[in-house]
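*Asks:* Predicted model follows, preceded by the sequence.
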Amino acid sequence: MGIDMNQFFKNSIVLLLFIFIGSTAMAQKFTTHAVKKGETLESISKQYKVAPSTILSYNKEIQQGKAIKENTILVIPIGAKVSEVTEQAKEKQSVPVVVNEKPEQEEPIGFTEHKVRKRETLYGISQRYHITEDDIKRYNSELYSSQLKKGMRLKIPKYKRVKSEDVAAINEEDFEMYTVAPKETRWSIAHKYGITIDSMLVLNPGLSKTTDYLAEGQEIKMPKLPGSTIKGQETQLYLSYTVPPKMNFYRLEKQFNVKSDEIVRLNPEIAERGGLKEGMVIRIPEKKADPGEVNTDNFNFYEVKPKQTEFSLTRKFGVTYKELLELNPDLKDGLKAGMVLKLPKDQKGNFEVRNSLVLDKIDLLDSINPMNHPKIMFLLPFRLDRLDLKDKEDVMETIENRNSLKYSLGLYSGALMAIDSISKLGVSVDVKTFDNQLDLAKTKEILLKENLADVSAIVGPLDLPSLKEVAVRASQYDVPVIAPIPAQSDLSLGNVYFSYTSDEVLRTKMLEFVEEKITDENIIIIADEKSQAAKAMILQKFPTAKVLEVKEEKKNIGINRDKLGTMLSEKVENWVFVETGNFKLIASVVSILNAFEASLLNAESSKEKIKVRMFTTDKNKAFDNEIISGSHLSNLNFTYPSVYREVANSAFVKAYSKRFGDVPDRYAVRGFDLTYDLLLKLAYKNNLMDVSKIIGETEYTGNKFSYEKDLHSGYFNQASYIMTIDSLRVVEAKN
C-alpha cells in the first residue's frame, strides 16, 4: 500500500510528540453524583458544565422531562465536550461474541473500615481482605474519579466465605478420592457426580482458580454416589414420587420408562387401595441409560445459568425435554443454576463449543460496564533517542526503512482510534505509553519506575528479550501481557497473550477447510526440502495425494513439467499444494500451472479444460515477491490461511483517514482491532484472564481473536481466515 510520505511525516511527528517518554494519554474521566432533593437534570448539568444529553447518555435509568429520584447515583463525565458516539462504535461485530451470563452480584454481610497507609495500592488492599478491586470501588465511589491517597478511610465489604474448617468438619465417610481418567475435564466429572464446579472447588481448595486443567491420574475429593462405588458396583436406586391428579399407569410408563407391573410389585399399597390415588407416595426404580464413558470424546457440557428454564434450554440446544432428561436424569429434581448438563457431541445450535464446554453468545457492546476503568500500558520501540526531529528528510527515511518504527507508529495510531471509540461509549481508560527503544536495559529501567499492580494489561514490547522481562515482572501481579506481533512461544508464563495465530494453527485450519470442501478432487503436493513437515501433514490428512519431486541445486530449483503433466487430471479439478519459502520455485510452479491451462484450452484435440486450484498452508513473504504474477495467482484461485483479511471502506477507515490524512495500513488496522478487543473485554469485566475463560471468538475490522489457554504456557489466538484470490481481488473464501 502506497504512503504519502509528506502527510505520513506530519502524522508521525504528532504521534511521536504525543507518546513522548512517560506521557500519559487520558480518556474521558468521570465522577459520581448523588441526587439531592429538588435537583433536576438541568441544574445538575449546569453544576458540572455538561449538556443534559451527555448525562442521559451515561445514565439510562433516567429520562428527559421526568423527575429524578432523590439519592439516585449518576455518572457524570468531567471536562468533556459533548460528542456523539462514532459510527465505528455503533457498528456491531458481524460475528457474535460468546460468553457465559453474568452471575448475580454477591451482597456483603457487613463492612469493616480500612485507613489507607503510605504507599498502599488498591491491589494490595484487595489481596489483604481477599476481595477484588471492583468490590472496594463499588462501596467507595470516590475511587472512580480520584486516586487512592494516604489517610483515606475505605468501607471494606465482608462476604460469607466457605472456610476450610467447614469442609474439614464434613463426614469423610461421605467422600472418596476420584482418579482423573484420560480426556476427562472438571465439567465431565462434575456432571458424573451431579455437583457444581463451585462445590468441586470447595472440596478441593488446591485446584487452580485460573485454569480448568486437570492432569490424568490426579486425585480429587468427590462425594460418594448413593448406592454405588466409583468402580461401578451399583445397587438399584429409587426415587420417591407423589402421584399427581389424573395420573395413570400409561403416563407413568411413558414418563419413567418402567412397566406398570413392576411399579405395582414395588408398591403393594397400590393394589390394597384399588389403584393409583392422588397424593400417594410411591417408589419408582431409577432407570439410567448407559452412555458409555463421560468425557470430552463423547459429550459436550453446559453449566446452567441463573433464571434459565427447561424450555429455554431445549430451544437453545434444539433437543426435546425427554432427550435432555435421558442424558441428565438429575433434571427430574428440577433445574438449578450451576448444575452441569451433558449434551450430544454433534449438537448444533446458537452457541460455540470450546474444549467441549458450551458457551453462550452475547454482544460485548451491549455488556459494557462504565464503572470499569481499564489501565493500559504500551511499551513500543519508537526510538526517539535516534530521531532528529529537526531533520525532516532523515526522519522520513528512518520511518520508511526501519520496520520496528513503521510497525510501532501504525500499531499505536490504530490503538489511539480504539481508545477514542471506547471512551465515547462511556468507558474511561488510563493510558501510559513508553518508548522502550528496542532495548532490554531501557525496558528494565521503565519497569523499575512503574507500579504494575494497578495495570489492567500491557501491550508490547516487540523484541523478545524485553517481552520476556515484562512478562516475568507482570506475572507477579497477574497482569496480562499482549504480544502484538508474531512471537516465540517459549515463554512458560500464563499471563502472556500471543495475539498472532501460530503457523501450526494456520496450517491445521487450512487442511480442515480443504477436508470440508473435497469431493473427488485430484490432490498434488509440491514441497521443497525445508517444507517436509508440511508435506507430511498434508499426506496424513489426504493419504492418496500425489507428490511431485522438487529438483534442488545450488543455484537452481524447479520441477519437471512433463512429470507434473502426467499427474494432472482432465476429469476432475486438480488441487495443488505448493509448500516452500523460495520465491523462484513459486514463480516457476505458478507459471507452469497457468501454461497447462492455456495450452490445453487452445488445443483443437482437447475437449476438456484442465482445472487447477492452488493452495498453500503457509503463505510466507516468498508468495508476495514481485516476480510472481498476480493475474496467474488469480487464475488459479490461490487459497491460503491468514491472520487478517483485507479491509473494506469501513467506518474505521473513514475515521482514520480523517484524523491522520491517510488510509490505514494493516499495522494500523491491527492496532485498532487488538486494542478495541482488549478494551471491550476489560469494559465488560476488568480482568482479562477471567474474561478469557468465557469469551469465545470476536471479530472486528480486519482481525479475529479467540484466545485459548495452553496447559503449560499463556493464551494463544486460535482464530484465522481462509483467503482466496478471485478476479484479481483478495476475498474471504466461502465456507
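*Replies:* Everything's here; your move. Owing to the predicted nature of the structure, the values given are computational and were not obtained by experimental measurement.
*Asks:* Only C-alpha atoms from now on, for both contacts and neighbour counts.
*Replies:* OK.
*Asks:* Break this structure down into its structural domains.
*Replies:* As given by automatic domain parsing, the domain ranges for the chain are 5-11+369-501+647-717, 27-98, 110-158, 165-232+291-359, 238-285, 504-642.
*Asks:* Out of those domains, which one sits most buried?
*Replies:* domain 5-11+369-501+647-717 (a mean of 19; mean count of other C-alpha atoms under 10 Å).
*Asks:* Spell out the residue ranges of the helices in the stretch 551-700 of the chain.
*Replies:* Using DSSP state H, counting those that start in this stretch, the helices found in the stretch 551-700 of the chain span residues 561-567, 583-602, 630-635, 651-660, 666-684, 688-694.
*Asks:* Equivalent analysis for the stretch 151-300 of the chain, please.
*Replies:* With DSSP H, counting those that start in this stretch as the criterion, the stretch 151-300 of the chain has helices spanning 164-168, 186-193, 197-203, 249-256, 260-266, 269-272.
*Asks:* what about these, which gets the closest to residue 708?
*Replies:* helix 186-193 (16.4 Å; C-alpha to C-alpha).
*Asks:* start to end distance for stretch 121-133?
*Replies:* 10 Å (C-alpha to C-alpha, to the nearest Å).
*Asks:* Could you pull up the mean pLDDT of that stretch?
*Replies:* Per-residue pLDDT values across stretch 121-133 average out to 79.
*Asks:* Distance check, residue 670 against residue 525.
*Replies:* Taken as C-alpha to C-alpha, the span from residue 670 to residue 525 is 33 Å.
*Asks:* one step back: go through the helices of the stretch 151-300 of the chain and name the closest to residue 629.
*Replies:* helix 186-193 (52.1 Å).
*Asks:* pLDDT (mean, whole number) over the closest one?
*Replies:* On average, helix 186-193 scores 80.
*Asks:* what helices or strands is that helix leaning on?
*Replies:* Secondary-structure packing of helix 186-193 (3 or more C-alpha pairs under 8 Å, 6 or more residues apart in numbering; DSSP states H and E): helix 197-203, strand 299-303, strand 340-344.
*Asks:* From the chain's centroid, how far away is it?
*Replies:* 24 Å (C-alpha atoms, centre = their mean, to the nearest Å).
*Asks:* next one: stretch 203-216
*Replies:* 21 Å.
*Asks:* returning to what we had before: compare the helices and strands packed on helix 186-193 and give me the one nearest residue 467.
*Replies:* So among those, helix 197-203 is nearest, using C-alpha to C-alpha, at 33.4 Å.
*Asks:* Report the backbone C-alpha coordinates of the closest one in PDB.
*Replies:* Output of helix 197-203 as PDB, limited to C-alpha atoms (Å, rounded to 0.1, in the frame of the first residue of the first chain):
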ATOM      1  CA  ILE A 197     -17.900 -26.600  39.700                       C
ATOM      2  CA  ASP A 198     -18.000 -24.300  42.800                       C
ATOM      3  CA  SER A 199     -18.700 -27.300  45.000                       C
ATOM      4  CA  MET A 200     -15.800 -29.100  43.400                       C
ATOM      5  CA  LEU A 201     -13.500 -26.200  44.200                       C
ATOM      6  CA  VAL A 202     -14.700 -26.100  47.900                       C
ATOM      7  CA  LEU A 203     -13.900 -29.800  48.300                       C
END
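*Asks:* What are the contacting residues of that helix?
*Replies:* 162, 167, 186, 187, 190, 207, 221, 222, 338, 339 (C-alpha atoms under 8 Å, 6 or more residues apart in numbering).
*Asks:* what's the distance between the residue lying farthest from the centre of the chain and residue 264?
*Replies:* Most distant from the centre of the chain: residue 272, at 62.5 Å, with distances by C-alpha atoms, centre = their mean. Going from residue 272 to residue 264 by C-alpha to C-alpha gives 10 Å.
*Asks:* same thing with residue 338?
*Replies:* In terms of C-alpha to C-alpha, residue 338 sits 36 Å off from residue 264.
*Asks:* Hmm, residue 115 and residue 151 touching each other?
*Replies:* Yes: in terms of C-alpha atoms under 8 Å, residue 151 counts as a neighbour of residue 115; the distance is 5.7 Å.
*Asks:* Report whether the expected contact of residue 246 with residue 278 is present.
*Replies:* Yes: judged on C-alpha under 8 Å, residue 246 makes contact with residue 278 at a distance of 7.4 Å.
*Asks:* re the thing from before, nearest to residue 62, of the helices of the stretch 551-700 of the chain?
*Replies:* helix 666-684 (21.8 Å).
*Asks:* The closest one versus helix 651-660: what angle between them?
*Replies:* Counting by axes from the mean of the first three to the mean of the last three C-alpha atoms, to 10 degrees, helix 666-684 lies at 110 degrees to helix 651-660.
*Asks:* change the start of the numbering to 725 and stick with it
*Replies:* Yep, numbering from 725; the last one is helix 1390-1408 now.
*Asks:* circling back to that earlier point, rebuild the helices of the stretch 875-1024 of the chain as a markdown table, extending it with distance to residue 1184.
*Replies:* Listed next are the helices of the stretch 875-1024 of the chain as a markdown table, based on distance: least, C-alpha to C-alpha, whole Å:
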| stretch | distance to residue 1184 |
| --- | --- |
| helix 888-892 | 40 |
| helix 910-917 | 34 |
| helix 921-927 | 34 |
| helix 973-980 | 59 |
| helix 984-990 | 69 |
| helix 993-996 | 75 |
